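Enquirer: Pasting a predicted model and its sequence here:
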Amino acid sequence: MDELKFPESFAWGAATAAYQIEGGWDTDGKGLNVWDTFTHQGGDRVLKNHTGDVACGSYTLWEEDLKCIKQLGLTHYRFSLSWSRLLPDGTTGFINQKGVEYYNKLIDSLLAMNVTPLVTLYHFDMPQALEDQGGWSSEKTADVFEQYAKFCFSTFGDRVKLWITVNEPAMVAKLGYEQAIFAPGKKETGFGAYRSAHNMIKAHAKAWHMYNTFFKEKQKGLVSIALDSDWAEPLDPNSDGDKEACDRYQQFRLNWFANPIFIDGDYPAVMKSEISRNSKEEGLMTSRLPEFTDEEKKIIKGTADFFCLNYYTSRNVRPLSTKPSGPSYNSDTGAEGIKDPNWPEAGVEWLAVVPWGLRKLLAYIKNTFGDPDIYITENGFAQSDPPVLQDVQRWGYFEETLTEVLKAIKQDGVKLKGYFVWSLLDNFEWNSGYNVRFGLFHVDFNQPNLPRTPYYSAIEYAKVVKENGLISK
Ligand code: GAL
């Protein structure tokens, strides 16, 4: 059944992130990161005050993870490096050899199994020592990140050929530096998100150039950034107000980063005009959105070798019904996303299941950002605790999603190169702790050896990977 097949050498993967799975938070010389600090502060920052201290124990149980990967037959595995495990204070002043050994073992074993690693340099876990100097609020962090990237390319780049610099900068900016929901828990409403995003974009661009200038010729790898986005539709397709709100919703999230990196080195026009207008009304002399110099724009433009999309859900959008008081990212966006009551929910309140939204978003990326090679670097569905091993309904969501993905490839001509399930394992789901389970493998967090057991979804996903296609019914 050829129409159910994916293109040859399609990348089939699953993804994880260091803080969410490794544990070993103070083992073998690892430095503290912002999530260690944030979770240890308690105060219900995270549900039930869960922490990533132990998580899935992957720092010691990594061979168990490899067994899961093998059982799935994956061609690719996406994981992230713990910055403070490698460089305890974030700088190359001191290198933690034990950390280097850990990732060397992991990478070598993956390659020995014929699994291609896709490695994220930074997935939310900023070293605390750098955060103490401002973290992403400080421009200096972009330079420190560049050196960290250089260190990783020179240490692992002989074997790692696919790199992601920053995971979901929009989430870090909004939740970490504006709304105090994520670590480092800063609340600089109206400023924090834009400033931190500005520095993350610079950091990303510096890392890309570092690779391009000093490593690419020899190592022949590719570097990108992972961007998260919903698909957005106007709530009422005939309302101009809803259409404009919908456009802002998209521009303020995906295009905030994709516009500078893939198009012209600068922020979307609507972000610049809205934030500047609001800033003026607030009596400020300059816009709350920082500006790139012409030189910086040139440096930022074109700094991604492929497009990495993390997609989970969609929204119907209309203008904000009540404008929040005071300046904020939300009031600048002036849009609110609403879930259609007919969309099923998967394990967590925000995750409405909308497989066709992914197809539309892929076509949008193709048409807006120069028809790039795209990897879906995260997509998944959760179960709330306690989960069922026979997650038949959840696998149904995956199947519907993969059907839409196939249409994007075959009917819309999207150059989709790979698909990564979030996540390989149930893990520490940020503010939801261990209560929201995204794994293909169940992890029993109540047993000291943290056993992994495949869900029905894992067994079915393995069949798809093996077939390189959907199974006909
Ligand atoms: C993404 C994030 C992952 C994971 C997932 C599910 O935003 O990159 O770490 O937690 O969401 O919520």
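Expert: Structure received.
Enquirer: Could I get the CA-only coordinates of stretch 248-259 as PDB?
Expert: Provided in PDB are the C-alpha atoms of stretch 248-259 (Å, rounded to 0.1, in the frame of the first residue of the first chain):
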ATOM      1  CA  ARG A 248      -1.000  38.500  15.700                       C
ATOM      2  CA  TYR A 249      -1.300  35.300  17.700                       C
ATOM      3  CA  GLN A 250       0.800  33.500  15.100                       C
ATOM      4  CA  GLN A 251       3.300  36.400  14.600                       C
ATOM      5  CA  PHE A 252       3.900  36.900  18.300                       C
ATOM      6  CA  ARG A 253       4.700  33.200  18.800                       C
ATOM      7  CA  LEU A 254       6.200  31.300  15.800                       C
ATOM      8  CA  ASN A 255       7.200  34.300  13.700                       C
ATOM      9  CA  TRP A 256       8.800  36.100  16.600                       C
ATOM     10  CA  PHE A 257      11.700  33.700  16.100                       C
ATOM     11  CA  ALA A 258      11.100  32.300  12.600                       C
ATOM     12  CA  ASN A 259      10.900  35.700  11.000                       C
END
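Enquirer: can you list the residues of the stretch 301-450 of the chain near the ligand?
Expert: Within reach of the ligand by C-beta under 6 Å from any ligand atom, the stretch 301-450 of the chain has these residues: 310, 378, 422, 429-430, 438. C-beta here means a position set from N, CA and C on the backbone, and glycine is covered the same way.
Enquirer: What about those, which are in strands?
Expert: Using DSSP state E, the subset of these located in strands is 310, 378, 422.
Enquirer: what about the helices in the stretch 1-150 of the chain?
Expert: 18-21, 34-40, 58-72, 83-86, 97-112, 128-131, 140-156 (DSSP state H, counting those that start in this stretch).
Enquirer: can those go into JSON lines with extra columns for distance to the ligand?
Expert: Formatted as JSON lines, these follow (distance: least, C-beta to the nearest ligand atom, whole Å):
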{"stretch": "helix 18-21", "distance to the ligand": "6"}
{"stretch": "helix 34-40", "distance to the ligand": "11"}
{"stretch": "helix 58-72", "distance to the ligand": "14"}
{"stretch": "helix 83-86", "distance to the ligand": "15"}
{"stretch": "helix 97-112", "distance to the ligand": "18"}
{"stretch": "helix 128-131", "distance to the ligand": "18"}
{"stretch": "helix 140-156", "distance to the ligand": "18"}
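Enquirer: that older thread, make TSV out of the ones in strands among the residues of the stretch 301-450 of the chain next to the ligand and add pLDDT and neighbour count.
Expert: Below are those laid out as TSV (pLDDT from 0 to 100; neighbours: other C-beta atoms under 10 Å):
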residue	pLDDT	neighbour count
310	99	20
378	99	25
422	99	25
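Enquirer: quick one: which of these is nearest to residue 196?
Expert: residue 310 (18.2 Å; C-beta to C-beta).
Enquirer: wait, what's in contact with the closest one?
Expert: 167-168, 226-229, 376-379, 422 (C-beta atoms under 8 Å, 6 or more residues apart in numbering).
Enquirer: Also residue 14?
Expert: 69, 72, 74, 77-78, 420-424, 440.
Enquirer: Distance-wise, check it relative to residue 328.
Expert: 36 Å (C-beta to C-beta, to the nearest Å).
Enquirer: now do residue 47
Expert: With C-beta to C-beta as the criterion, residue 47 and residue 328 are 25 Å apart.
Enquirer: what about those two, which has more around it?
Expert: Higher neighbour count among residue 47 and residue 328: residue 328, with 20 against 15, using other C-beta atoms under 10 Å.
Enquirer: still on that earlier bit, export the helices of the stretch 1-150 of the chain to JSON lines and tack on mean pLDDT?
Expert: Formatted as JSON lines, the helices of the stretch 1-150 of the chain follow (pLDDT from 0 to 100):
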{"stretch": "helix 18-21", "mean pLDDT": "99"}
{"stretch": "helix 34-40", "mean pLDDT": "98"}
{"stretch": "helix 58-72", "mean pLDDT": "99"}
{"stretch": "helix 83-86", "mean pLDDT": "99"}
{"stretch": "helix 97-112", "mean pLDDT": "99"}
{"stretch": "helix 128-131", "mean pLDDT": "99"}
{"stretch": "helix 140-156", "mean pLDDT": "99"}
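Enquirer: Dump stretch 50-61 to CSV, restricted to CA.
Expert: The C-alpha coordinates for stretch 50-61 follow below in CSV (Å, rounded to 0.1, in the frame of the first residue of the first chain):
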residue,chain,number,x,y,z
HIS,A,50,7.8,17.3,42.5
THR,A,51,11.4,17.8,41.4
GLY,A,52,13.7,16.3,38.8
ASP,A,53,16.2,15.1,41.4
VAL,A,54,15.6,11.5,40.4
ALA,A,55,13.2,11.7,37.4
CYS,A,56,13.7,8.6,35.2
GLY,A,57,17.2,8.1,36.6
SER,A,58,18.6,8.1,33.1
TYR,A,59,21.9,9.4,34.3
THR,A,60,22.5,5.8,35.6
LEU,A,61,19.7,3.9,33.8
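Enquirer: So residue 230 is in contact with residue 314, correct?
Expert: Yes - if you go by C-beta atoms under 8 Å, residue 230 and residue 314 touch, sitting 5.4 Å apart.
Enquirer: what do those two both touch?
Expert: Contacts common to residue 230 and residue 314, judged by C-beta under 8 Å, 6+ apart, are residue 357.
Enquirer: Just the helices from the stretch 351-473 of the chain, written as ranges.
Expert: Going by DSSP H, counting those that start in this stretch, the stretch 351-473 of the chain shows helices at 355-368, 392-410, 456-467.
Enquirer: and of those helices, who's closest to residue 291?
Expert: helix 355-368 (22.5 Å).
Enquirer: buried ones in the closest one?
Expert: 355, 357-366, 368 (16 or more other C-beta atoms under 10 Å).
Enquirer: ok, now stretch 131-151?
Expert: 131, 134-138, 141-142, 144-151.
Enquirer: now swap in stretch 385-402 and tell me
Expert: 387, 391, 394-395, 397-399, 401-402.
Enquirer: One more: stretch 13-33?
Expert: 13-25, 30-33.
Enquirer: Can you get me the start-to-end distance on stretch 152-161?
Expert: Stretch 152-161 has an end-to-end distance of 12 Å (C-alpha to C-alpha, to the nearest Å).
Enquirer: Please report how far the closest residue to residue 3 other than its chain neighbours lies from residue 375.
Expert: Closest residue to residue 3 apart from its sequence neighbours, by C-beta to C-beta, 6 or more residues apart in numbering: residue 410 at 7.3 Å. Taking C-beta to C-beta as the measure, residue 410 falls 17 Å from residue 375.
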